[in-house]
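> model this:
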Amino acid sequence: MRIIFKIARAELRTLFYSPVAWITIVVFFVISGIQFVTPLQFLAIKQELKIANSPSFGGFPGPLTLKLFLGTIGQFLQYLYLFIPLLTMGVINREENSGTMKLLSSSPVRIREIVLGKYTGLMLFNLVLMSAITFLLFTGYFTILHAEFSWYLSMLLGFFLLSSTYMAIGLFISSLTGYQIVAGIATFAALFVLSYMGNVLQQYDFIRDITWFLSLSGRVDPMIKGLITTRELFYFFLIIVLFLGLTMIRLKSKQESKKWTVTFSRNMALICTILMLGYFSSRPGYIGYLDVTRNKLNTIDTATQAVLKEMDGSQLTVTMYGNLLGRAMEASMPEKRNEYVWYFWDQYVRFYPNIKLKYVNYYDIKPGETMFQEAFPGKDIHQIAAQFAKIFKKDTAAFMKPHEVRKLIDLSREDKLGLLMELEYKGKKSILRTFQGTLWPEQPVVSGSIRRLTRPPVPKLLFTTGHYERSPWRNGEREFGPHTNEQERGVSLINYGMDCDTINLLHQEIPAATAVLVVGDPRSALQTVEQEKIKQFIAKGGNVYFYGEPEKQAMLNPLLNGIGVHLNEGRLVQPAQNATTDALMAAMNKTGNGMSRELAMQGAQLSDSTSGAGGSFWGTCDLSFKDTAGFRVEPILEIPGEKNLWVENGLFKADSAKPLFSPAEGDLQKDIYTTGVRLTRKINNKEQRIVVTSDADFMASRTGVPGGSIGAGIYSWLVYNEYPVYTRLIVPKDVMLTIGKQAGNMIWYMYVYVLPGALLLTGIIILIRRRRK
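Residues are numbered from 1 along each chain as shown. Modelled structure (predicted):
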């Protein structure tokens with residue numbers, strides 16, 4: 001060890017006497033400083049202005065750690081790509097050209113000690129470069145309120161490991177040639193090749209895992225985001241060992257007069273050993289994780305973890321079905337499988353290792369679909385598939401034919417044959433879909449699919465039909481399909497793990513297992529037998545959701561009056577310029593926001609706000625209510641009274657002149673207009689839950705976003721908040737700076753001018769003194 005440190009000290013001295021090293025240090029400090037302090041200065045000025053204009057300013061909308069460091073650290077890593085080759089290009093060949101290497105070889109110094117000494121010297125110099133990042137991180141720690149120190153340490157660790165890996169590669173390249181410029185260019189090339197390696201031969205099994213392991217691209221990203229894994233730690237350690245070992249073998253081969261096959265066999269033995277260790281250290285299910293962020297940003301929610309724990313450890317088989325003629329076909333190709341494994345499933349494998357991933361590629365179209373025949377007239381499905389395979393440079397033999405895939409999975413109930421996954425657990429199966437835009441499903445959707453396997457039967461919501469009610473199967477302007485059964489929508493009830501269907505009460509009995517009966521805006525009067533069935537369902541403790549509408553109050557009031565709710569006559573109007581007269585925003589009150597864990601509701605709960613979630617009510621009326629039949633009735637949706645808002649009881653035509661407030665016609669104004677109530681009572685050893693809203697359009701497709709920020713919140717309450725499996729709302733704490741404009745300007749000048757200037761002056765003095773000696 002003593003010899004290693006002596007060589008390291010000599011190498012460090014050589015670096016500090018090199019103009020290239022000092023130029024690298026100064027330029028690195030300047031660039032890194034500008035990248036960090038420029039946005040810091042901007043945010044400091046912006047915060048000071050916001051506080052001056054609004055003393056109640058509570059902070060920026062997102063975490064400042066991410067705003068200031070995520071992009072900045074990414075820029076640092078690009079600069080490393082440029083700077084490290086300049087530092088390492090002469091480490092070994094400089095000694096060989098000057099004859100020093102021969103002297104070292106003839107002395108009682110081992111090759112291992114020479115290489116480790118040189119590398120240790122580079123590591124010590126690496127600490128100097130790291131000091132720039134350290135200064136910036138400490139500045140961020142003291143200028144950001146509630147900064148996360150452990151996250152900063154994770155960033156530093158990632159930076160150190162990546163730069164150390166670059167230096168090990170540069171050290172090896174330096175031993176291959178006696179020309180420093182050639183070594184520098186070759187190091188650039190080697191870093192580029194290793195960064196691109198993750199895209200090489202990804203279509204071949206096993207080889208795909210080897211090249212993915214070798215790839216440098218994105219390796220440090222988890223640490224920058226605050227996630228430290230054994231996979232990345234092993235990777236950097238093994239790559240460093242690989243290139244240091246190759247350097248030792250290279251130098252030893254120059255001392256020995258043995259056949260080239262000996263050197264080749266040594267190299268191959270080392271490479272194969274490293275690849276084998278790398279392969280096994282990066283297998284899903286055998287990786288350790290440490291999420292150092294305060295809010296566990298890199299870890300699936302505890303609610304999702306609880307869903308995974310509902311499985312008993314038996315194998316969960318996930319089969320991806322990719323359709324050559326369907327949406328997102330590229331994501332199912334072998335070249336994308338590592339991204340699929342590591343960027344999507346790895347977060348779940350972390351908590352449930354017994355997940356087996358399988359893949360099926362096929363081609364098929366839905367019966368009756370004419371799009372392909374119109375685009376390729378005269379061709380059958382096999383010829384069309386051949387055309388698509390040619391475009392993607394694939395062989396149709398790699399894709400199952402329609403009759404073959406239909407033996408494996410029944411896709412007849414899927415609206416479109418796009419990319420999807422089939423989950424199988426203990427003989428039960430469920431579908432996990434992908435979506436446009438985000439592609440991979442969010443945690444609540446994954447949890448919903450898993451619960452279909454672990455919690456049969458799933459909640460079933462039955463929507464009454466026979467009186468022109470809103471349909472859960474259609475997607476028209478007034479229909480409920482988008483938020484119930486639309487498979488292509490990631491926030492629909494079916495993808496959350498609930499089933500929705502229709503029931504005709506005139507001909508069918510309400511099943512006892514019905515989770516929620518939905519009476520969605522009937523436009524004609526319910527017959528007596530239908531009303532009796534609903535009343536009996538309520539009497540037995542069933543949960544019900546009543547959607548009302550203005551001018552249709554008489555359809556529901558015979559049912560609602562028995563439980564203490566009444567849809568009042570008239571409709572709410574608010575004449576406004578360039579706006580529909582009866583289009584209003586209704587907001588959840590404190591009671592409503594506490595019903596569910598929709599993100600907007602969570603936000604209101606965390607801030608103890610009286611408003612949070614809400615929706616667009618396109619035509620609504622006021623509700624009156626009182627506790628009846630053991631029910632406790634509470635308002636949940638309200639519209640605050642305004643001067644230009646009233647209940648219109650006169651003649652109203654939406655496409656006619658704007659109405660005028662007329663008490664003579666029965667128009668009236670109130671301080672609060674109630675548009676939604678919830679009812680609860682204890683019956684049959686459980687809490688019965690009912691919801692009544694005076695509008696149905698807010699959950700229809702005409703609003704653009706069915707349900708608004710209420711989403712599936714009301715349905716969630718009606719099924720006792722077991723579905724959807726919501727994730728928590730993450731509220732960052734590091735949203736304020738501790739400095740203002742003046743301090744921001746001082747920091748900017750310090751990092752852009754003072755520190756680099758001091759370093760430049762120090763370097764000049766050291767180099768001049770060295771030259772004089």
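> May I see the buried residues of the one helix or strand residue 374 maps to?
In this assignment (DSSP states H and E), residue 374 forms part of helix 371-375. Across helix 371-375, burial judged by 16 or more other Cβ atoms under 10 Å covers residue 372. Quick note: C-beta positions are derived from backbone N, CA and C, even for glycine.
> just stretch 395-410 next, same as before
Result for stretch 395-410 [16+ other Cβ under 10 Å]: buried residues 396, 399, 400, 405, 409.
> cool, stretch 234-254 as well?
Those would be 234-240, 242-253, for stretch 234-254 by 16+ other Cβ under 10 Å.
> Then stretch 112-132?
Neighbour-count burial for stretch 112-132, with 16+ other Cβ under 10 Å as criterion, is recorded at 112-123, 125-126, 128-130, 132.
> Pull the distance from that stretch to the chain's centre.
Computed by Cα atoms, centre = their mean, to the nearest Å, the chain-centroid distance of stretch 112-132 equals 37 Å.
> low-confidence ranges in this structure?
93-108, 198-199, 202-204, 206, 256, 577-578, 608-611, 652-657, 703, 773 (pLDDT under 70).
> what separates the longest helix seen in it from the chain centre, distance-wise?
Under DSSP state H, the helix in the chain containing the largest number of residues is helix 19-53. Its chain's C-alpha centre and that of helix 19-53 lie 29 Å apart, by Cα atoms, centre = their mean.
> helix or strand right after that helix?
Downstream of helix 19-53 (by DSSP H and E), the next one is helix 64-65.
> List the neighbours of that following helix that are in contact with it.
Helix 64-65 is contacted by residues 43, 140, 144, 147, 148, 151, 734, 735, 736, 737 when judged by Cβ atoms under 8 Å, 6 or more residues apart in numbering.
> at 6 Å what do you get?
144, 148, 734 (Cβ atoms under 6 Å, 6 or more residues apart in numbering).
> Check stretch 341-357 too.
With Cβ under 6 Å, 6+ apart, stretch 341-357 has contacts from 284, 285, 289, 300, 305, 308, 315, 316, 317, 318, 440.
> Ends of that stretch, what's the gap?
8 Å (Cα to Cα, to the nearest Å).
> Wait, a helix at residue 70?
Yes - under DSSP: H, G, I helix; E, B strand; the rest coil, residue 70 falls within a helix.
> any idea where the helices of the stretch 651-773 of the chain begin and end?
713-718, 741-749, 755-772 (DSSP state H, counting those that start in this stretch).
> Packed most tightly, which of these would that be?
Each of those was scored by mean neighbour count; the highest is helix 713-718, a mean of 26, by mean count of other Cβ atoms under 10 Å.
> Would you mind writing the CA trace of it as CSV?
Taking C-alpha atoms only, helix 713-718 is exported to CSV below (Å, rounded to 0.1, in the frame of the first residue of the first chain):
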residue,chain,number,x,y,z
GLY,A,713,-63.8,9.7,-6.0
ILE,A,714,-67.6,9.3,-5.4
TYR,A,715,-67.5,5.8,-6.8
SER,A,716,-64.6,5.0,-4.5
TRP,A,717,-66.6,6.1,-1.5
LEU,A,718,-69.5,4.0,-2.5
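> Among the buried residues of stretch 395-410, which lie within helices?
Cross-referencing those against helices under DSSP H gives residue 405.
> Closest one of the buried residues of stretch 395-410 to residue 268?
Using Cβ to Cβ, residue 399 comes nearest to residue 268 of the buried residues of stretch 395-410, at 37.1 Å.
> nearest residue to the residue positioned nearest the centre of the chain other than its sequence neighbours?
Nearest residue to the geometric centre of the chain (Cα atoms, centre = their mean): residue 442, 7.3 Å. Among residues not flanking residue 442 along the chain, residue 490 sits closest, at 6.3 Å (Cβ to Cβ, 6 or more residues apart in numbering).
> give me every residue that touches the nearest residue to residue 411 once chain neighbours are set aside.
Leaving aside its sequence neighbours, residue 411 sits nearest to residue 417 (Cβ to Cβ, 6+ apart; 5.9 Å). Residue 417 is in contact with 323, 326, 364, 411, counting by Cβ under 6 Å, 6+ apart.
> how much space is there between the second one and residue 719?
Using Cβ to Cβ, to the nearest Å, one obtains 32 Å as the distance from residue 326 to residue 719.
> swap in the first one?
Counting by Cβ to Cβ, the separation of residue 323 from residue 719 is 33 Å.
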